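[1] any chance you could fold what I've pasted below:
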Amino acid sequence: MKKLITTCAFLMLIIGIYAQTTFTVGGIVYSTTSANTVAVTTKTPPYTGIITIPSSVVFSAVTYNVTSIGSSAFAGCTGLTLITIPSSITSIGGQAFFGCTGLTSITIPNSITSIGGQAFYGCTGLTSITIPSSITSIVDGAFVGCIGLTSITIPSSVTTIGSQAFYGCTGLISITIPSSVTSIGGMAFYGCTGLISITIPSSVTSIGGMAFYFCTGLTCITIPSSVTSIGDGAFYGTAWYNNQPNGLVYAGNVAYKYIGTMPASTSITLNAGTTGIADKAFSSCTGLTSITIPSTVTSIGSSAFSSCPGLTSLTIPSSVISIGFWAFYYCTGLTSITISNSVTSIGYMAFYGCTGLTSIYTKSTTPVDLSSSISVFSGVNNTTCILYVPTGSLGLYQAANQWKDFINIEEISTGLQPINQSNIKIMIDNGKLIISNAEIGSTVQVFTVLGIKVKEQCVENDHTIISLISGIYLLRVGIYSGKVIVK
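    Have a look, this model is predicted:
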């Protein structure tokens, strides 16, 4: 009995200690994150002066490892001047040093792998910071308003620079972007008026909207051919942009913006090698009547041709993968458009208000999924506009989100041929679809009548066997298609 009471008392002691969520040691407040780890957390009154965070702390005879700085832990600590972070810490929470105006420098140890959003937001006194090679992303809003920063070196481990990462860092005059970075987020360097030049490495493929907006001192921008997507206003207000002549301006190989008033009845042929059309590149160009897009373009940006009422027809080449939202918003003069089979995404309201459309030609045998893009064809007269689709894909389009809203859907030949006109043999045996004589290496795809793909596999030998439940399916084998019924 005595042993049982002793055991219960011990368990209660352990439970009691773990239930103690916060405690203070040496003027620093900690919160338990597990039975033997803690995070540094906020304190009232706030921290001031010099703070040295230990790698471990003892409380009530239990040793805890200090592994993180919690969200908002030092937020608003304007009197904090210096902090030492031990290598036991692996993460810094969001807004951890928000508004620490007295903090002048900080060294982040290599042990830290993640830094939360807005971690150093408003640290106006911060003049230097060391970012370790353990960090892979400069997160959203990380250094917003750090006007004391004059230069920063981003390690080669970083692959993304987040939105508003250095927003309003007016003192920043030099920054090196390593060749590991693939994307620069929207407003990343917004208002960095001290920047004079920037070299974007060939690893970068996308630059977000307003990334360098109102960097008024930026006169030299080097943009590689790897960049295929540039967001709205990425370079607006820079000295580079303001010095551009009227007409179509390129940023690297991206058709960036048409500056000035476009003359009536203008036809434009984009440069050979153009890789993208930026957001709002031709927005409100009422004089545009035709444009030739080369087969090197992979993306058409958001609002790229919005409110271009003079544009009457357009062929999207087979290189284009994405069409941004509002891309052709209120192109009321557009009567015909051809969408290539390479397009995999169409943004919301892409063809909103295109009241003049009478024909849409889509070359993809599988409808682009529009379930996440609202009102793609809103305003298009779906009773008079004819949707032309590849032979054998009528059922898929009649069942697909938004495509099915067209009253007139007609099949046209695009090279896809009926299976019964081939040497391919189809057999159904006890729930198994057996395909013979198909070309080795060709792809077999099976769709429901609602257009949902349920099976896909490569033909590896003379007999391809696919198990299916009872139902009606649309089958595609290489360039051939047909309907099968599994009983």
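
[2] contacts and neighbour counts: CA atoms only from here.
    Will do.

[3] the stretch 251-400 of the chain: helices as residue ranges?
    394-399 (DSSP state H, counting those that start in this stretch).

[4] show me where it dips below the pLDDT cut-off.
    Counting by pLDDT under 70, not a single residue of the stretch 251-400 of the chain qualifies.

[5] ok, which stretches of it are strands?
    Applying DSSP state E, counting those that start in this stretch to the stretch 251-400 of the chain gives strands spanning 254-259, 266-269, 276-277, 288-292, 299-300, 313-315, 322-323, 336-339, 345-346, 359-362, 386-390.

[6] sheet partners, orientation included, of the third one?
    Looking back up the chat, that one is strand 276-277. Next to strand 276-277 in the sheet, as set by DSSP bridges, lie strand 254-259 (parallel), strand 299-300 (parallel).

[7] can you name the residues in contact with that strand?
    227-230, 253-256, 297-301, 304 (CA atoms under 8 Å, 6 or more residues apart in numbering).

[8] can you give the distance of that strand from its chain's centre?
    Centroid displacement of strand 276-277 relative to its chain, using CA atoms, centre = their mean, to the nearest Å, is 16 Å.

[9] over to the first one?
    Relative to the mean C-alpha coordinate of its chain, strand 254-259 is positioned 22 Å out (CA atoms, centre = their mean).

[10] likewise for the fourth one?
    On the basis of CA atoms, centre = their mean, strand 288-292 is displaced by 29 Å from the centre of the chain it belongs to.

[11] what comes into contact with it?
    Applying CA under 8 Å, 6+ apart, the contact partners of strand 288-292 are 262-270, 308-315.

[12] same deal with the fifth one?
    In this structure, residues lying in contact with strand 299-300 by CA under 8 Å, 6+ apart are 228-229, 275-279, 320-324, 327.

[13] which among those end up buried?
    228-229, 275-279, 320-324, 327 (16 or more other CA atoms under 10 Å).

[14] with distance to Ile424 as added columns, please give those in TSV.
    Shown next, in TSV, are the buried ones among the contacts of strand 299-300 (distance: CA to CA, whole Å):
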residue	distance to Ile424
Thr228	41
Ser229	43
Thr275	40
Gly276	41
Ile277	43
Ala278	45
Asp279	46
Val320	32
Ile321	31
Ser322	34
Ile323	36
Gly324	39
Ala327	42
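
[15] gap between the closest residue in space to Asn341 that isn't next to it in sequence and Ser481?
    Excluding its sequence neighbours, the residue lying closest to Asn341 (CA to CA, 6 or more residues apart in numbering) is Ser364, at 3.9 Å. Separation of Ser364 from Ser481 (CA to CA, to the nearest Å): 13 Å.

[16] these two: which is more packed in?
    Higher neighbour count among Ser364 and Ser481: Ser481, with 24 against 17, using other CA atoms under 10 Å.

[17] tell me the secondary structure at that one.
    Secondary structure, DSSP: H, G, I helix; E, B strand; the rest coil: Ser481 is strand.

[18] which pLDDT value does the model give it?
    What the model reports as pLDDT for Ser481 is 78.

[19] what does Ser203 give?
    pLDDT recorded at Ser203 is 97.

[20] now the terminal residues of stretch 461-481, how far apart.
    Start-to-end, stretch 461-481 (CA to CA) is 19 Å.

[21] could you do stretch 293-310 as well?
    Termini of stretch 293-310 sit 17 Å apart (CA to CA).

[22] could you list the buried residues of it?
    293-294, 296-310.

[23] follow-up on the earlier one: from the contacts of strand 276-277, which two are the most distant?
    By the measure CA to CA, Val227 and Ala304 form the most distant pair in the contacts of strand 276-277, at 16.5 Å.

[24] and the closest residue to Ile200 other than its chain neighbours, how far from Ser202?
    Leaving aside its chain neighbours, Ile200 sits nearest to Ile223 (5.5 Å; criterion: CA to CA, 6+ apart). Going from Ile223 to Ser202 by CA to CA gives 8 Å.

[25] with Val297 instead?
    Look at Val297 and Ser202: by CA to CA, they are 17 Å apart.

[26] go on, Ser436?
    47 Å.

[27] on that earlier part again, now do the residue nearest to Ile200, the pLDDT please.
    Here, the pLDDT recorded for Ile223 equals 95.

[28] quick one: residues contacting the closest residue to Val389 other than its chain neighbours.
    Nearest residue to Val389 in three dimensions, chain neighbours excluded: Glu411, at 4.9 Å (CA to CA, 6+ apart). Contacts for Glu411 (CA under 8 Å, 6+ apart) come out as Tyr388, Val389, Pro390, Thr391, Gly392, Ser393, Leu394.

[29] circling back to that earlier point, for the strands of the stretch 251-400 of the chain, which one sits closest to Ser442?
    Per CA to CA, nearest to Ser442 of the strands of the stretch 251-400 of the chain: strand 386-390, 18.7 Å.

[30] show residues contacting that closest one.
    By CA under 8 Å, 6+ apart, the residues outside strand 386-390 that reach it are 358-365, 397, 406-414, 416.
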